[in-house]
Structures are given as structure tokens and as C-alpha cells.
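Q: dropping a prediction and its sequence here:
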2 protein chains.
Amino acid sequence: MTLLEDARRHAAAEIETVAMDEGLDQGTVRSLVASGHIAILRSSRSRAHPLGVGRFTRTKINANVGTSVDLVDIRSEMEKVRTAVRYGADTVMDLSTGGDLDRIRKMVIQAAEGVPVGSVPVYQAASRYSDPADMSSDDMFNCVRKHACDGIDFVTIHAGVNLNSVERLRNSDRILGVVSRGGAFLVSWMQRNGENPFYAEYDYLLELAHEYDLTLSLGDGMRPGCIQDASDRAKFMEFITLGELVRRARAAGVQSMVEGPGHVPLDEIALSVSAMKHICDDAPLYLLGPLVTDIAPGFDHITAAIGGAVAGMHGADFLCMTTPAEHLALPTVDDIREGAAVTKIAAHAADLVRPGQRERARALDREMALARGALDWHRQFQLCLDGERARAIHRESGETCTMCGELCSIKIMRRAMGKR
Amino acid sequence: MTLLEDARRHAAAEIETVAMDEGLDQGTVRSLVASGHIAILRSSRSRAHPLGVGRFTRTKINANVGTSVDLVDIRSEMEKVRTAVRYGADTVMDLSTGGDLDRIRKMVIQAAEGVPVGSVPVYQAASRYSDPADMSSDDMFNCVRKHACDGIDFVTIHAGVNLNSVERLRNSDRILGVVSRGGAFLVSWMQRNGENPFYAEYDYLLELAHEYDLTLSLGDGMRPGCIQDASDRAKFMEFITLGELVRRARAAGVQSMVEGPGHVPLDEIALSVSAMKHICDDAPLYLLGPLVTDIAPGFDHITAAIGGAVAGMHGADFLCMTTPAEHLALPTVDDIREGAAVTKIAAHAADLVRPGQRERARALDREMALARGALDWHRQFQLCLDGERARAIHRESGETCTMCGELCSIKIMRRAMGKR
């Protein structure tokens, strides 16, 4: 039985764990898992700590790691995994495309130390061929099975890239077409071979996912790659398909999430998130960005943090971190640290206004405000999202806050109001 | 005659300049300056390039520089001014409180090279005494006059900190009370001496401002210092007062802006900005932050960029940059560079959805998308907000994008679609 089927009958241990971690009532979590509004990332072959993603849960963040064709440095990738987890990543995705992929995947799962791990099986299927159109559909499904066997908890499946959405793409004014790598593999495949197997044989995929209790993360193959391409008909067509696929997954007892864009201007984020949530029957929503401008390479962790915070406020459940290397290179370990910290800030800013998490999140900020009012630096550093960084800046200035010194408003107010 | 009075009669050269810089029609700018919805920062003693702030204009960013009591390093402060201007600051404020303040102010104006310069005269007035309550009201007004004489373009005046708003503060549940330094000076002064002279003798202040065509930036003395303190009655009381003071400034032919908070949770930013704009008759709105969480010292440039972008989307006109050193220390030159870059991103993200600037801003992103589609790296770096940074990351990876290599979605789609 899958966790979703379990939840329809009784409360499994995983549901208890998620309820405890999220500060939610067990009955609430059970009914939200049963309805598919919370996914618990934890496949049957996995030893990960079960992680709830979706309504009322804390906004989660994912770190992408993995080799590329041009750069295979396994030690560095494992260091990235550990750094990501240390700085707050709730999950790690192995997106490797270079080197011994099977070995690297197992090493990532090992290094993630109990944090759920995701993957994109079609990357491995395509990486065997110089032209992705040469893949067989068996290659594609076999890679899903292999990843599930290895203990992967969730897989991105671009099943919404189908003949219908590709037709909408042809009729669009996009500048950048398809920028999702998995999406590009599949469009390329479909040009020669016809309908996307993940769509055409979705029932088979569901059987596979059911067997391993694998969560499907329905991929954002049509995601916009620039501000101008955002929220267009091709993207909405894909939402519609993904909504139908969510429904079929739930009927089959398989957990699913929906992935979302991409590059989106600030004033379309609310629209985009609300539409996805609505069309996809409140499936847990996993966002890549959104990046709120195209012109800030080197700072795309910031453009994504802005978009991610706004998306989180409107209901996104899960943010994929972007690093300073986005659009430029494979991230370094330092990039991962920076990306994790900044994405964590976006997630927490969203949690401060998120139903189900608001009170817990605000308690942290309240503690910080009290510590600040008490001029208790030690306590402030304890409460910081990245206390090391804060302490280093403070230390460099000689352990006093050189910004105001004795002209500190808190000190002045204390004297004026006769406190101490 | 002041620029505001000018605008009511005819189009002055400064209005032409602003119209040209902003890509707006001259008649539009003239009428918005005349109604006080755009302020042109450029006092009569200044040689700064006139800068428009307010409705339909590009979102502007300010960099705070200046010595503190504990740290007087004039060379470093001048380096900060030059760095801020180089990385996109539209204005600089000299907040010095340590060293020879008159000399430093003149040096900042010199180093700013034509960018308008602001100041907070009450800092200088208070810095002469060990207790700010010892200032005389003459000290306060004399400092305003001195700064205007030196060619300062805009001054923060905490005239909304009055007996009424302080009474609202007493009845509030704030954790941190007053965190504005100027606000704290004045509350402290009022405890002993009665009503705030900037409020009680506001007509005299207007005479002074009129004489030098100085823009009043009506300070945010009641700004919240933590998430819990946001958007409370004390803050709204101050908005009401500032709205009345904006009206009196306009009647006196004096340009004014309104300053805003502070620490504000994501879901109160729209409310806060709309209320300020509404209550203050659409005065140009100058925001400090807003910071969307309290628990990220070391990253408060990010928490402010998130809040600033959202505020900009809802109508904020002018963002004061926050640096990684906020809450911890006086910023270094590197902090200023980082703060400028990140604040610029927030401002541009807002401009992409801002009436009057949307088309111009989107043209930049469109160019970037085209360069990306053409895999034209040289052009991409030219279009970056910080091309140096992007180029450095790309160079480190050996001048190829190691993220995807040949599995680049753009390359795959080109081959699949038979382009080139």
C-alpha cells in the first residue's frame, strides 16, 4: 500500500512524523495526504526522514546538485550535497548528466543523510545517445524504475509536454521556446517519434510509481525562459494537462506534485500560482524560481528569492533554489551555500504569512526582536538563519555595532524612557 | 521660485531633463511636479543632475554612507560614495555622525559627482550633545539651513514624530518601540521639552526649504523595527500627520516625499504602501526596506530586496538600499556594492510592472532573452545589471556554460526544430 492509500484508511507512522515536524494535528495531515493536498516524500525503498510538502506545511526548499557533461567532480558534488543539507535544504535533487550516473546517484542518496532525494530519470535515458530522439520509451521507463529501486523519493516527469502543448507552443510568440532541459529532450523526441511516452503510457508510469510509492513531480516542460514568455497559452495548456494527470495519480493511489515556472514578472506571480493551484486541484506546488527579471545573471539567486517569496505568499509549497551561477555555469559549493541561505529566507518570509505555519514562523521573529531589544548579541546570533555569517560581520567590526555606536536608537530610547 | 512653483507656471529646464531621462512626456512631468506627485531632487544651491522621483518615473535607489561615532574613515566613506554611484545608486545620503561633519558633507557632495545628496540634519544637531534632549530647536533648524547652504538636495525631517503619534506608541504592543535614530532623538527630546519643533514650527521649516528649494523627505520616525510591530496604530498615526504635512508643503511651494517602513511581513506590504499613498495624497514614497523577516542578519540586503520589489510593484517610488551589514555593523565598501546591486534588481523587477516604465524596462529583458536565444555571451554580459560579476562566474567555468554543456535546451531545441 502507498502512503496515500494508507492515509485513506488510518494514520501511518509517516503521517505522525509529518504532523509532529509541522506542528499540525495528525488528523489534519492524514486527511490532506488522503486528498493529495500534502505529498509525503518518502518512497518504499528509501530510508529518508518522511517530508510533508503541501497545504499548511512549512515552505520547503530543494537544492539541485549533480555533474554535467563538461564537469564531473564527484567529491565536489558530495560536498554540495552536505553543504545544501547543512544550510537548510529540505531535499536534494541529483541532476547528474556526466560520469557514472548510477554510482553518483547512490552516493548522493548516501551523502544526503536522510533528506529525501529526487531525480529526473529522462536525463539518464537521454544521456546515452547523442540525439535524445534516439531513446526508446523503454529506456525512459527503465530509468524511472532504476531510480525508484535505488531509493529515490520523487522524480520529475515531463508528462505535460504532449502534442497538444507543443501545438500551443508553435502558435505562441515566445522568444525562447522550451528552456526546460527535460522538456527539450521530449520535444526533440516527439518531433521524430510522436506522442510523449510519459503521457501516452501514463498508466504504466502510475503502476511503476505505485510499486515503489514514488512521488511524481509533474515537470514544467513549458516553463517560460524569459519575462516575455511568461504565463502564455502553452504554459496554461500544460497546467491543464498536469491537473488531469494529478487527478489520475490520486485515483491510482500515487502521490503527485506539480512544478511551475520559471521567469515571471512580479505582477503575474499571484495569477500564475493561483491558476496552477486551482487547475491542478490544490496539488502541492513546486516552483523553479520564479525569476522576476532576465537581466541579473550572477544574482539570479536574488531574482528567484524575490519571486519565490511572492509565490510562497500566494500558495507555492516548495521552492527549488537558484544559485549565483544560474545561466552561467555549474554552481560551486559556495554557490550552493549562498543559494540555500537566500532561498531559505524566501521560504521563511512566506511562512510568516502562510496558513498553518504563520504562528510558528512568527515566534522565531518575535524571539529575534526581543533579543534585539535586549541588545543580546549572543542570542541574536543563535536565532539567525545563518548565525556564522552574522557573527563574522559583527566580529570584523570589533564586536560592537559600529553602525550607530552610542547613538543606537534602542539605547537612546531606553535612557529616554527611563528603562535601566 | 521653487521648481514646484515653476512647474505651475511653465516648464523649467529641470522638467525637460527629467522628462528626457524618464522617457516621459514633458507636459506629464510638468503637471506631476506641479501637483507634487513627482519631486525633482535638486536644490537651488546644488549642482546635481535633476532627478525625478514619483509617479511614472523609474524606481530610484539610494545608498546611505557616512561615518559613525566609533568609526571615522573618510577615505573609505568616499570610496563608498563612488562605489554606490558606479553600481547604480541614484542618490546618496550622508548619515555621518562622527568626525568633522561639515567637512565630510562637502566631501560627499563632491564625490557624488552630480548625483543628488540627502542628509538628516538632526543627526548633526544631536551629535553635539551627550543627551539629545539638550539640543535647542535653533540647533535643529540651523543644521537644516547649513546643509541646504552646502548644496544638499533633500533632507529627512522627522516631523511626524509628535505628541499624538508618541501617545499612540504608548498604547501599542510594540516590542521594539522606536528604532529610527532620528525618531529616537526626537522622542527623547520631547520627553523633556514638549512638542517636536519640526512639527510645532513646521511653517518656519517650510520657509527655510522654500528659500533653498530643498525637498523635504518626511521621516519615518515610527517605523516598525520588527515583524510584530508592523503596520500598527502608531505608524498609521504618523502617516496621517505626514499626509497633512505634505499638503502644507505643497501649499507653500515646497517639494516633499514621505518615508516608509521598515520591517513588514509580505502580506502587509500592499496594504502599507497603498495606505501611505492614499493618506499622503500620492506623495513620492521613499521606503527603508521593507524587510520581510527579522531573522536574517547578514542577509538583510536580501530581505529588503524582497520587500522592496513587492513595495515597488504596489507603488513605492524610491528604495533605500540595505546592505549585508544591516543590524550588525557599519557597511564596508563591498557591502555597498552588494547592497546597490541587489537593490537595483528589486527596483528593476518593480519597473517591469510599473506604469510609465514598464515598456522601457521590458525592452531590456527582451534584449537579454534574444541574446540568450542566440547564445551570444558577449551581448548577455553587456546587458547584465552587473556584467563584471556574471563574466567572472562564466570565466571561472572556462568560458563555457558548464551547467548543461551540449545538453543545453537551447541547442537541443535548435537541432530539433531544424534551425541552423
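A: Happy to help now that I have it.

Q: can you show me the CA trace of stretch A:152-171 as PDB?
A: Included here for stretch A:152-171 are C-alpha records, laid out as PDB according to Å, rounded to 0.1, in the frame of the first residue of the first chain:
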ATOM      1  CA  ILE A 152      14.900   7.900  -5.000                       C
ATOM      2  CA  ASP A 153      11.900   9.600  -3.300                       C
ATOM      3  CA  PHE A 154      10.500  11.700  -6.100                       C
ATOM      4  CA  VAL A 155      11.000  12.000  -9.800                       C
ATOM      5  CA  THR A 156      10.400  14.800 -12.200                       C
ATOM      6  CA  ILE A 157       8.300  13.500 -15.100                       C
ATOM      7  CA  HIS A 158       7.600  15.900 -18.000                       C
ATOM      8  CA  ALA A 159       4.300  14.300 -18.900                       C
ATOM      9  CA  GLY A 160       2.600  17.600 -19.700                       C
ATOM     10  CA  VAL A 161       4.900  18.000 -22.700                       C
ATOM     11  CA  ASN A 162       2.500  16.500 -25.200                       C
ATOM     12  CA  LEU A 163       1.300  17.000 -28.800                       C
ATOM     13  CA  ASN A 164      -1.300  19.400 -27.500                       C
ATOM     14  CA  SER A 165       1.000  21.700 -25.500                       C
ATOM     15  CA  VAL A 166       3.700  21.600 -28.300                       C
ATOM     16  CA  GLU A 167       1.000  22.800 -30.700                       C
ATOM     17  CA  ARG A 168       0.200  25.700 -28.400                       C
ATOM     18  CA  LEU A 169       3.900  26.500 -28.300                       C
ATOM     19  CA  ARG A 170       4.000  26.700 -32.100                       C
ATOM     20  CA  ASN A 171       1.200  29.200 -32.100                       C
END
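
Q: pLDDT on that stretch, on average?
A: Along stretch A:152-171, the predicted local confidence has a mean pLDDT of 96.

Q: that one close to chain B?
A: No - if you take Cβ under 8 Å from any Cβ of the partner chain as the test, stretch A:152-171 misses chain B, and the best it gets is 9.6 Å. In this view, the C-beta of every residue, glycine as well, is placed from N, C-alpha and C.

Q: list the buried ones in that stretch?
A: Along stretch A:152-171, these residues count as buried under the neighbour rule (16 or more other Cβ atoms under 10 Å in any protein chain shown): A:152-162, A:164-166, A:168-169.

Q: again with stretch A:21-29
A: Judged by neighbour count (16+ other Cβ under 10 Å), stretch A:21-29 contains these buried residues: A:Glu22, A:Leu24, A:Thr28, A:Val29.

Q: right, and the first one touches A:Gly356 too?
A: Spelled out, it's A:Glu22. Yes - with contact defined as Cβ atoms under 8 Å, A:Glu22 and A:Gly356 form a contacting pair (7.5 Å).

Q: find the residues that touch each one of these two.
A: A:Phe56, A:Thr57 (Cβ atoms under 8 Å, 6 or more residues apart in numbering or on different chains).

Q: what's the domain layout of chain A?
A: A:3-354, A:359-416 (automatic domain parsing).

Q: gap between stretch A:301-311 and the chain center?
A: Here the centre of mass of C-alpha atoms in stretch A:301-311, compared against the chain's by Cα atoms, centre = their mean, to the nearest Å, lies 12 Å away.

Q: need the residues that contact the helix-or-strand element of chain A with minimal mean pLDDT.
A: Taking mean pLDDT, DSSP states H and E as the measure, chain A has helix A:409-416 as its least confident helix or strand, at a mean of 88. The contact list for helix A:409-416 (Cβ under 8 Å, 6+ apart) reads A:372-373, A:375, A:419-420, B:131-133, B:176-181, B:183-185, B:187-188, B:191, B:225.

Q: mind doing that once more with 10 Å?
A: A:372-375, A:401, A:404-406, A:408, A:419-420, B:126, B:131-133, B:176-192, B:221, B:225 (Cβ atoms under 10 Å, 6 or more residues apart in numbering or on different chains).

Q: got a quick PyMOL command for the buried subset of the residues you listed?
A: Selecting in PyMOL just the buried members of these, where the criterion is 16+ other Cβ under 10 Å, is done with this command:
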select buried, (chain A and resi 372+373+401+404+405+408) or (chain B and resi 126+132+133+176+177+178+179+180+181+182+183+184+185+186+187+188+189+190+191+221+225)
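
Q: phi and psi next, for the most centrally placed residue in chain A.
A: Using Cα atoms, centre = their mean, the residue of chain A that lies closest to the mean C-alpha position is A:Cys320, 3.3 Å off. As for A:Cys320, its main-chain torsions (degrees, to the nearest 10) stand at phi -90, psi 120.

Q: dump the residue contacts of it.
A: Contacts for A:Cys320 (Cβ under 10 Å, 6+ apart) come out as A:60-64, A:91, A:93, A:118, A:220, A:259-260, A:286-289, A:304, A:308, A:339, A:343.

Q: so, low pLDDT: which residues of chain A?
A: By pLDDT under 70, the weakly predicted segments of chain A are A:418-420.

Q: same thing but 50
A: A:420 (pLDDT under 50).

Q: hey, where'd the strands end up in it?
A: For chain A, the strands defined by DSSP state E cover A:38-41, A:51-54, A:60-65, A:91-94, A:117-119, A:154-157, A:215-218, A:256-260, A:285-288, A:318-320.

Q: among the ones you listed, show me which one is buried the most.
A: strand A:38-41 (a mean of 30; mean count of other Cβ atoms under 10 Å in any protein chain shown).

Q: output that strand as PDB - backbone C-alpha positions only.
A: Listed next in PDB are the C-alpha coordinates belonging to strand A:38-41 (Å, rounded to 0.1, in the frame of the first residue of the first chain):
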ATOM      1  CA  ILE A  38       0.000  17.100   1.000                       C
ATOM      2  CA  ALA A  39       2.600  14.800  -0.500                       C
ATOM      3  CA  ILE A  40       4.900  12.900   1.800                       C
ATOM      4  CA  LEU A  41       8.300  12.400   0.100                       C
END
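
Q: A:Ala325 contacts A:Val333, correct?
A: No - look at A:Ala325 against A:Val333 with Cβ atoms under 10 Å: they stay out of range, at 11.0 Å.

Q: who has more neighbours out of the two?
A: Summary of the neighbour comparison: A:Ala325 and A:Val333, criterion other Cβ atoms under 10 Å in any protein chain shown, with A:Ala325 having more neighbours (27 against 17).

Q: and the closest residue to that one other than its chain neighbours, what does it touch?
A: Once flanking residues are discounted, A:Ala325 sits nearest to A:Pro331: 4.1 Å by Cβ to Cβ, 6 or more residues apart in numbering or on different chains. Contacts for A:Pro331 were tallied using Cβ under 10 Å, 6+ apart; they are A:63-65, A:76, A:80, A:301, A:321-325, A:337-339, B:393, B:397, B:402-403.

Q: the residues you listed in helices, which ones?
A: Assigned to helices by DSSP state H, the following of the contacts of A:Pro331 qualify: A:Ser76, A:Lys80, A:His301, A:Arg337, A:Glu338, A:Gly339, B:Ile393.

Q: please name the residues that touch the fourth one.
A: Residues near A:Arg337 by Cβ under 10 Å, 6+ apart: A:Ala63, A:Lys80, A:Thr83, A:Ala84, A:Arg86, A:Tyr87, A:Thr323, A:Pro331, A:Asp386, A:Arg389.

Q: could you check how far it is from B:Val144?
A: 46 Å (Cβ to Cβ, to the nearest Å).

Q: before we move on, what about A:Val353?
A: As it turns out, when the distance is counted by Cβ to Cβ, A:Val353 lies 40 Å from B:Val144.

Q: more neighbours, these two?
A: Taking other Cβ under 10 Å, A:Val353 and B:Val144 do not tie; B:Val144 has more neighbours (25 against 21).

Q: circling back to that earlier point, now distance to B:Asp213 too, for the strands of chain A, in a markdown table please.
A: Supplementary listing: those in a markdown table, determined by distance: least, Cβ to Cβ, whole Å:
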| stretch | distance to B:Asp213 |
| --- | --- |
| strand A:38-41 | 60 |
| strand A:51-54 | 57 |
| strand A:60-65 | 50 |
| strand A:91-94 | 58 |
| strand A:117-119 | 60 |
| strand A:154-157 | 60 |
| strand A:215-218 | 59 |
| strand A:256-260 | 50 |
| strand A:285-288 | 48 |
| strand A:318-320 | 48 |
